[in-house]
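Novice: A structural model of the following input is requested.
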Amino acid sequence: MTAAARPALGMDPELQKKIGFTLLALVIYRIGAHIFAPGVNVQAITDYIRNSAAAGFFGLYDTLGGGLSRATIFALGIMPYISASIIFQLAGGIVPSIGKMQKDEEGKKKLTQWTRYITVLIALSQAYTFAVFTESIPGAVAVPSLWGRLAMVVVLTTGAVFVMWLGEQITERGIGNGMSLMITFSILDRLWPGLVNMIGFYRSGALTLGRIVLFGLVLLSVIAAVTAMQLAARRIPVQIPRKVMGRGRMTQGQKTFIPIRLITAGVMPIVFAQTIIIVPGTLASFSQVAWLRWLRDVFSPGELAYDVSFAILILLFSYFYTSIIFNSVDLAENLKKQGGFIPGVKPGASTADYIDNVLARVTLPGAVFLALIALIPVWLTKNLGFQTQFGGTSVLIVVGVLLDTIAQIQQHLTLRKYDSFMKSGRIKFRGRQERFM
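Specialist: Coordinates of the predicted model:
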């Protein structure tokens, strides 16, 4: 490796400081995620959740950074903040005043503050619900009392607020998106227990070496496919004409493009669909009515009704969420203000319609891919005979966050290199100027 290549790999002091701060914050987060809440029998809670119909809900919550199944002080994780953010994100596409605030700098600051307030309210409600839930589990709480319930609410809410603050600090002072990195490290933290469980299944004879190899090949294929789909985009060509600047100067025309990602909605369609699909089975598990028990069996993972319903929900939510976060009208208006246009398409409403048509065509393969990725773990669990820690949602989150973090590191290094180049250029120019004077 050459001396010139060494700094580009992360020897920049500022980048080292950012990465160091990020890692320290993530270590603090993971330490808190292993400290149990006071006054509860964690083993009783874990065993009850594992054998209950609500295991799917708790598994989804744990995947997204929480630790409810282990009743830690950070049990709520980043989910209250994510829920509050989604509320305002969806409201921006429905309520015009909030949509206007999302485009203004002062409005964004106000929405950020509102998001924090809503996060606290959501954390309080979830903490209270979980406290009541733990009291209903035999042996989970030694002596249920009002003060014990209040202590649980205070601990979990404080933990959620601290996690929110820690994520904001990573985003501001570290590298990458703090909330996303927390979820990613929560997922990676589960890999080692999953590997230990797989080894235990192999030693007991419940799992053969061939199935382990098959699982590894499928996992590598899914990671490669997710990486390719995360980077895939449909490029809409855009022409920016020449402009006359001051004193008759004319800028050169530019050819650029608008990237339309195949997975514009990211992992959210799977999250929404999974939240809804587990409702019938969960509700039916609390009833002894025959047809409700039949409904629970039909909507269990691996059954045809479950798989088909899950896939349809993912397709619907992919189009719905994409329409919320991608505003083709605003994009067309901004393009028109800059004087740019799509070749062969009239500026304004025609451009917005054209972008919508492209987006609709591109979203379909992306939505089908999301459905397949979400169902692969279900099929693996059914055919391999054991519950895997691997999930399509987890792979999508980890790959997407790591790609985004790497892009931010590269952007930081590029800016630093550009600043250094400009600084050296000014020094040379000054020296040359001094010699001529």
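Novice: Who are the packing partners of whatever helix or strand Leu220 lives in?
Specialist: Assigned by DSSP states H and E, Leu220 belongs to helix 209-231. Packing contacts for helix 209-231, counted by 3 or more CB pairs under 8 Å, 6 or more residues apart in numbering; DSSP states H and E, involve helix 191-204, helix 349-384, helix 392-436. All C-beta atoms are positioned from the backbone trio N, CA, C, and that covers glycine.
Novice: and the longest one, average pLDDT?
Specialist: I take that to be helix 392-436. On average, the pLDDT along helix 392-436 is 68.
Novice: ok but Gly139 is inside a strand, no?
Specialist: No: counting by DSSP: H, G, I helix; E, B strand; the rest coil, Gly139 falls outside a strand, being coil.
Novice: Buried residues, stretch 255-264. List them.
Specialist: For stretch 255-264, the neighbour count (16 or more other CB atoms under 10 Å) marks 258, 260-264 as buried.
Novice: can you tell me which of those residues lies nearest to Arg234?
Specialist: Ile260 (4.4 Å; CB to CB).
Novice: Secondary structure element holding the nearest residue to the closest one once chain neighbours are set aside?
Specialist: Among residues not flanking Ile260 along the chain, Arg234 sits closest, at 4.4 Å (CB to CB, 6 or more residues apart in numbering). Element membership of Arg234 [criterion: DSSP H and E] is strand 233-240.
Novice: ok, residues contacting that strand?
Specialist: Residues outside strand 233-240 that contact it (CB atoms under 8 Å, 6 or more residues apart in numbering) are 253-262, 335, 338-343, 354-355, 358, 362.
Novice: and the next helix or strand after it, what does it pack onto?
Specialist: Using DSSP H and E, the helix or strand that directly follows strand 233-240 along the chain is strand 254-261. When contacts are defined as 3+ CB pairs under 8 Å, 6+ apart, strand 254-261 packs onto strand 233-240, helix 349-384.
Novice: Just give the nearest non-adjacent residue to Ile373, would you?
Specialist: Looking at Ile373 with CB to CB, 6+ apart, the closest residue is Gly392, at 3.5 Å.
Novice: count of residues packed around the closest residue to Thr115 other than its chain neighbours?
Specialist: Spatial nearest neighbour of Thr115, excluding adjacent residues (CB to CB, 6+ apart): Ala84 at 4.8 Å. Neighbour count of Ala84, defined by other CB atoms under 10 Å: 21.
Novice: which residues does Ala84 contact?
Specialist: Contacts of Ala84 (CB under 8 Å, 6+ apart): 115-116, 118-119, 122.
Novice: go again using 6 Å as the cut-off
Specialist: With contact taken as CB atoms under 6 Å, 6 or more residues apart in numbering, Ala84 is in contact with 115, 118-119, 122.
Novice: nearest to Ala407, of those?
Specialist: Nearest to Ala407 among these is Thr115, at 24.8 Å by CB to CB.
Novice: quick one: the closest one from Gly159, how far?
Specialist: For Thr115, the distance to Gly159 (CB to CB, to the nearest Å) stands at 18 Å.
Novice: Same check on His412?
Specialist: Distance from His412 to Gly159, by CB to CB: 31 Å.
Novice: In terms of packing, which of those two has more residues around it?
Specialist: Gly159 (23 against 17).
Novice: Export only the CA atoms of the helix holding Leu220, formatted as CSV.
Specialist: Provided in CSV are the C-alpha atoms of helix 209-231 (Å, rounded to 0.1, in the frame of the first residue of the first chain):
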residue,chain,number,x,y,z
LEU,A,209,-24.1,-30.5,8.0
GLY,A,210,-25.8,-30.4,4.6
ARG,A,211,-28.6,-28.2,5.9
ILE,A,212,-26.1,-25.9,7.5
VAL,A,213,-24.2,-25.5,4.2
LEU,A,214,-27.5,-24.9,2.4
PHE,A,215,-28.4,-22.2,5.0
GLY,A,216,-25.0,-20.6,4.5
LEU,A,217,-25.3,-20.5,0.8
VAL,A,218,-28.8,-19.1,0.9
LEU,A,219,-27.6,-16.4,3.4
LEU,A,220,-24.7,-15.4,1.2
SER,A,221,-27.0,-15.3,-1.9
VAL,A,222,-29.5,-13.1,0.0
ILE,A,223,-26.8,-10.7,1.1
ALA,A,224,-25.5,-10.4,-2.4
ALA,A,225,-29.0,-9.9,-3.9
VAL,A,226,-29.9,-7.3,-1.2
THR,A,227,-26.7,-5.4,-1.9
ALA,A,228,-27.3,-5.3,-5.6
MET,A,229,-31.0,-4.2,-5.2
GLN,A,230,-30.0,-1.5,-2.7
LEU,A,231,-27.6,0.0,-5.3
